[in-house]
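Q: Here is a sequence with its predicted model. Questions after.
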Amino acid sequence: MNELAEILVNTTLLPYSNHSAVETLSNQSSALSNKTLPLNMFRNSSVDLMSNRTVPMDVFGNATDGMIALDLRSFVSTYMESSILTVAIIFIYLRIGFLVKLVAMVTVVLLHFIVYNWQHLFYPKAFDHITYQLVTWCPLLFLILLFHILDRQGEYTARTDFLWQAKLKVEQDDVETMRGINKILLENILPAHVAQHFLHSSSDSRVTQDLYHERYNCIGVMFASIPNYKEFYDENDVNKQGLECLRLLNEIICDFDKLLLKPKFSSIEKIKTIGSTYMLASGLRPGLEDRPGEVGKQAEHNIIVLVEFAMALVTILDQINRESFQRFRLRMGLNHGPVIAGVIGAQKPQYDIWSNTVNVASRMDSCGVVGRLQVTEDTAKILMASGYDCRCRGQIYVKGKGTLTTYFVKMPYETP
């Protein structure tokens, strides 16, 4: 029976060394051998159903509490790891604000602490030492602090990246706006195709330093001036020292410029204004400079479109005269032939055309008659072949050119 007592003591999983417990078990084992079981023994006994063994409660009471404590302590790590896993899952949601995640993680840890610290209500003797509380508190607090720092760093990086992206977008918009403004300004100074050439080649310094020029075989050139504007211009108190005279000239030039926006005059390019003289050219388009086989068709088109534009200028000026009670009249000269077009100047680029054709066209204006369009003999032949009525003026002396035969183109307002 003593061996049976020792076996029962060993099955409690506790390091008992109390001899009284062994003696008690020995006495009870003797009772079992004599098959005499007092009734009060069942009142203070515990039945192990798995092994059909009857063990007194006063002997195994402490052993049962110890086993519960050991079982709960074995789940401490699992319980803490569950809380850590929950906090880690909250951390991986990148699109949630770091403050919201901090509140969620703190809530999880508080619930963990509440359950952990209130466990004595269910298991009074489960955790009696502060060591186990520190084991579960410290890792969770450190984990929250680490995750919060990482969240704050990620939030700072995301905000910084957003601000940089927004700043970059604003700067890109400013660059596009400035590019559009520069394009508009450049197209007001230069023809559209020339402005595109300089805008596309602005990144290559070698291209911008080269002289831009184009050679055309047959271009129509026309000068239109207002000779009596010089008589109209005066500086006195009535016209604000000439300001009103300048304002009226500006209105005239602006109305002339509006005609260029019409589709049928799209081939005409305004070259410049010299005082009250308006200079134009027709046929200045890229790709047309090397087509010798189409000189005749190009010349006819360029001359006819300038004649129609001259008629439109006369109509516009007559309307301005009626509104301003003035008597301005145009004097125009037209010629056609080969020219060289190019841009001169760097800080203030100027687009211009040069050739003997331009000089003769200027002389047709300066040697012309007010209210008439004067052309050279070659130009008159093309116009007459196209159905226009041209009257020979005869031979006149042209400065720098000698004697030339010129013609007047009949305008719609002229009487037969």
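A: On my side now, so go ahead. Numbering: from 1, shown residues only.

Q: Show the average pLDDT along the longest helix seen in the chain.
A: Identified as the longest helix of the chain according to DSSP state H is helix 130-189. Helix 130-189 shows an average pLDDT of 78 in the prediction.

Q: So which elements touch it?
A: If you count contacts as 3 or more C-beta pairs under 8 Å, 6 or more residues apart in numbering; DSSP states H and E, helix 130-189 packs onto helix 76-91, helix 98-117, helix 192-200. The C-beta positions use only the backbone N, C-alpha and C, and glycine is treated the same way.

Q: For the strand or helix carrying Cys254, buried residues please.
A: Using DSSP states H and E, the element containing Cys254 is helix 243-259. The neighbour-count check on helix 243-259 (16 or more other C-beta atoms under 10 Å) flags 245, 248-249, 252, 256, 259 as buried.

Q: which one of the residues you listed is nearest Thr405?
A: Of all those, Phe256 has the smallest distance to Thr405: 29.5 Å, by C-beta to C-beta.

Q: contacting residues around that closest one?
A: Neighbouring residues of Phe256 by C-beta atoms under 8 Å, 6 or more residues apart in numbering: 278, 313, 316.

Q: looking at these, which has the most residues close by?
A: Most neighbours among those, by other C-beta atoms under 10 Å: Tyr278, with 23 neighbours.

Q: tell me the contacts of that residue?
A: Tyr278 sits next to 223-225, 253, 256, 270, 313 when contact means C-beta under 8 Å, 6+ apart.

Q: again, 10 Å this time
A: By C-beta atoms under 10 Å, 6 or more residues apart in numbering, Tyr278 lies in contact with 222-226, 252-253, 256-257, 270-272, 313, 330, 332, 365.

Q: Quick one: list the elements packing against the helix or strand hosting Ala310.
A: Using DSSP H and E, Ala310 sits in helix 295-324. Identification of packing neighbours for helix 295-324 by 3 or more C-beta pairs under 10 Å, 6 or more residues apart in numbering; DSSP states H and E yields strand 213-225, helix 243-259, strand 268-274, strand 277-282, strand 331-344, strand 373-376, helix 377-385, strand 402-409.

Q: And that helix, what's buried?
A: The neighbour-count check on helix 295-324 (16+ other C-beta under 10 Å) flags 298-307, 309-311, 313-314, 316-317 as buried.

Q: Could you do stretch 263-278 as well?
A: In terms of neighbour count (16+ other C-beta under 10 Å), stretch 263-278 has its buried residues at 265, 267-271, 276-278.

Q: Could you point out which of the residues you listed is nearest to Gln326?
A: Closest to Gln326, out of all of the buried residues of stretch 263-278 and judged by C-beta to C-beta, is Ser276, at 12.5 Å.

Q: ok, now how distant is that closest one from Pro227?
A: Relative to Pro227, Ser276 is positioned 8 Å away (C-beta to C-beta, to the nearest Å).

Q: can you list residues touching both of these two?
A: 328, 330.

Q: per-residue confidence averaged over stretch 230-240?
A: 76.

Q: Pull the residues that contact it.
A: Applying C-beta under 10 Å, 6+ apart, the external contacts of stretch 230-240 come out as 226, 241-249, 275-276, 326-328.

Q: List just the nearest of those to Thr107.
A: Among those, and counting by C-beta to C-beta, the member closest to Thr107 is Arg247, at 76.7 Å.
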